[in-house]
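Visitor: Provided below are the primary sequence and the corresponding predicted coordinates.
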Amino acid sequence: MIRVYNTLKGEKEDFVPQKDNEVRMYVCGPTVYDLSHIGHARSAVAFDVIYRYLKYRGHKVIYVRNYTDVDEKIKKKANEEGVSSKEIAERYIRAFDEDMDALGVSLPDFRPKVTETMDEIIGFVQTLIDKGFAYVIDGDVYYSVRKFNKYGALSKKNIEELEAGARVEVDERKKDPLDFALWKASKENEPWWESQWGKGRPGWHIECSAMSKKILGETLDIHGGGKDLIFPHHENEIAQSEAATGKPFVRYWLHNGFVNINQEKMSKSIGNILTIKDALKNYSAEAIRLFLLSSHYRSPIDYSPDVLHDAETSLDRFYTTKERMEKEWPDVISKKTDKKNKEERLKPLSDAMDDDFNTALAIGHIFNEVNIANRMMDEAKKSGVGAEFKTLLPVVKAVFDEMGSVLGVFHKRPEEYFNEKKKYIKISEDEIKRLIDERNSARKNKNWTRADEIRKELEDKGIILEDRADGTIWKVKR
RNA sequence: GGCGGCGUACCCAAGCGGUAAGGGAGCAGUCUGCAAAACUGCGAUGCAGCGGUUCAAAUCCGCUCGCCGCCUCCA
């Protein structure tokens, strides 16, 4: 049984989809006005793994992640650059898609855009007016928060205190300071759509209510996003959707924690925004992904060179072992795995994932398997191949493959992994080969001084030499 | 001020009532011409502090200290 932490309940509960094993899942995607940062990456990777795991466990998942392509900030950027909002939105959608692809984030089943959901949004707003939850003033439409008595349930906020603590300038025309805009009359230089209230555009929260209903229906099984979206965004979505349909909007609310940079929240004002593209300049996509999955998705994590370096080192360890399995024991690992054996070894991993998608624990178990594999291979080399070795090593390989495809890490071919690291070195491969040859002749002549000189010279350039039984190989040190 | 969360070895991190997973770094050993990789051993009598509940607590309760997030655009 999968258990998930539901923000609405404030505790873990058994995950039971509304209909058999079908899961309807919606995650708030980016507002496309700038390059995506490492925080977007975390949210995307976290929910990607949740998506993959639910499918792995036999659920039929319909996963929707939107692009918010109508927004104040998009318009602002467009005006600054003197181009259309559409152009800005398209540029950053493309950039986001590139980043997701680089990070190995699988494509959701649907990726709706606000601009393509306008009819449904207008219809949604009209329904709220018809049901008495919204009112029109000068071409704007507002939601009457006080009409919805469950308001505050998700974010555990009390309406009276919210009002008292309001720090924003209140729009005088609203009936109540808490009310928020469903539809805004368009100003100059703004994209607009024709509606029964005049030319305008949707407010911030309505698009998710409309898009999720359009594709997934009135009740979602999972709705996800960053913790910061709990209030007001998700609170307002609940108010809109439940007022309109009279049905529960979401069964399980999942929220991921933040990525901090040097213990600080990323923000434009501090100027410490780390874009995914910048992160990828310094670290491999797989290392970034492993870093993101090395803590539980709800915990805050701190991005630093140290932890990214740790992730690189962990990957080296993993792939060194995987390579050894493939190179030294190809006929053993290609043996058919015993089903019962495999399930037994996968159990700790799936138990970890069942417990609110505990990727950190699962990764810990994978490294236990790495240790076991190495120990068995050492033993087999020393004392010969036993029956246990023959049944267990293929199983370990299968564990790597299965969890690798769920986590989206550890699933490369080792040659591919080590080859990719070559881009970090500042010396040609020919030159390395020449030095290795020179060193090997020196070694033949027992000229250890020269041999060690060459080792040192290459190490300074980031190359590690390994003298193996079947010759010298080199690897990129990081 | 209101609400939510966090504090586990040098660093990262799991653990959520049954006697501290895992990774990195460090030290020692096996292997090696020397290394690297791998393996083995060492490393928190302790889980911010103080009380309490319990046969049993890092895990539950209370208080204190420190840190963070949300309440305003935000993944």
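Guide: Looks like it arrived, so ask away.

Visitor: Show me which residues of the stretch 201-350 of chain A are close to RNA strand B?
Guide: A:204, A:225-233, A:256-260, A:263-267, A:294-296, A:299-302, A:306-307, A:309-310, A:313-314, A:317, A:320-321, A:324 (CB under 7 Å from any atom of the strand). From N, CA and C alone the C-beta is placed, and that goes for glycine too.

Visitor: Go through those and flag which are in strands.
Guide: A:225-226, A:256, A:259-260, A:264-265, A:301-302 (DSSP state E).

Visitor: among the residues of the stretch 201-350 of chain A next to RNA strand B, which ones are buried?
Guide: A:204, A:225-226, A:229-230, A:232-233, A:256-260, A:266, A:294-296, A:301, A:314, A:320-321 (16 or more other CB atoms under 10 Å).

Visitor: Closest approach to RNA strand B from the stretch 1-150 of chain A, which residue is it?
Guide: A:Gly39 (2.6 Å; CB to the nearest atom of the strand).

Visitor: Next one: the nearest residue to that residue once chain neighbours are set aside relative to A:Val4, how far apart?
Guide: Distances taken as CB to CB, 6 or more residues apart in numbering place A:Val259 nearest to A:Gly39, at 4.8 Å, with adjacent residues excluded. From A:Val259 across to A:Val4, the span is 21 Å (CB to CB, to the nearest Å).

Visitor: for the helix or strand where A:Asp99 lies, packing partners?
Guide: Assessed by DSSP states H and E, A:Asp99 sits inside helix A:85-102. The contact analysis (3 or more CB pairs under 8 Å, 6 or more residues apart in numbering; DSSP states H and E) places helix A:85-102 against helix A:38-56, helix A:72-81, helix A:276-282.

Visitor: Let's see that with 6 Å instead.
Guide: If contacts are counted by 3 or more CB pairs under 6 Å, 6 or more residues apart in numbering; DSSP states H and E, helix A:85-102 sits against helix A:72-81.

Visitor: Can you name the residues bridging to A:Tyr142?
Guide: In this entry, A:Tyr142 is beta-bridged to A:Tyr135, A:Ala181, by DSSP bridges.

Visitor: how many other residues sit next to it?
Guide: A:Tyr142 sits with 25 neighbouring residues when counted by other CB atoms under 10 Å.

Visitor: Assess the claim that it and A:Pro177 are in contact.
Guide: No - applying CB atoms under 6 Å as the test, A:Tyr142 and A:Pro177 come out as separate, 10.9 Å apart.

Visitor: now the residue nearest to A:Gly123 when sequence neighbours are not counted: how far from RNA strand B?
Guide: Sequence neighbours aside, A:Ala210 is the residue nearest to A:Gly123 in space, at 7.9 Å (criterion: CB to CB, 6+ apart). Noted for A:Ala210: a distance of 16 Å to RNA strand B, by CB to the nearest atom of the strand, to the nearest Å.

Visitor: Just the pLDDT for A:Ala210.
Guide: With respect to pLDDT, A:Ala210 has a value of 97.

Visitor: wait, isn't it in contact with A:Gln126?
Guide: No - under the criterion of CB under 6 Å, A:Ala210 makes no contact with A:Gln126, lying 11.4 Å away.

Visitor: the more surrounded of these two?
Guide: A:Ala210 (27 against 18).

Visitor: can you pull the contacts of that one?
Guide: A:117, A:120-121, A:124 (CB atoms under 6 Å, 6 or more residues apart in numbering).

Visitor: That one sits in which helix or strand?
Guide: Judged by DSSP H and E, A:Ala210 forms part of helix A:206-216.

Visitor: next one: A:Leu35
Guide: Per DSSP H and E, there is no helix or strand for A:Leu35.

Visitor: Next, give phi and psi for the closest residue to A:Arg317 other than its chain neighbours.
Guide: If the residues on either side of it in the chain are set aside, A:Arg317 comes closest to A:Val370, at 6.5 Å by CB to CB, 6+ apart. Dihedral angles of A:Val370 (phi, psi; degrees, to the nearest 10) stand at phi -60, psi -50.
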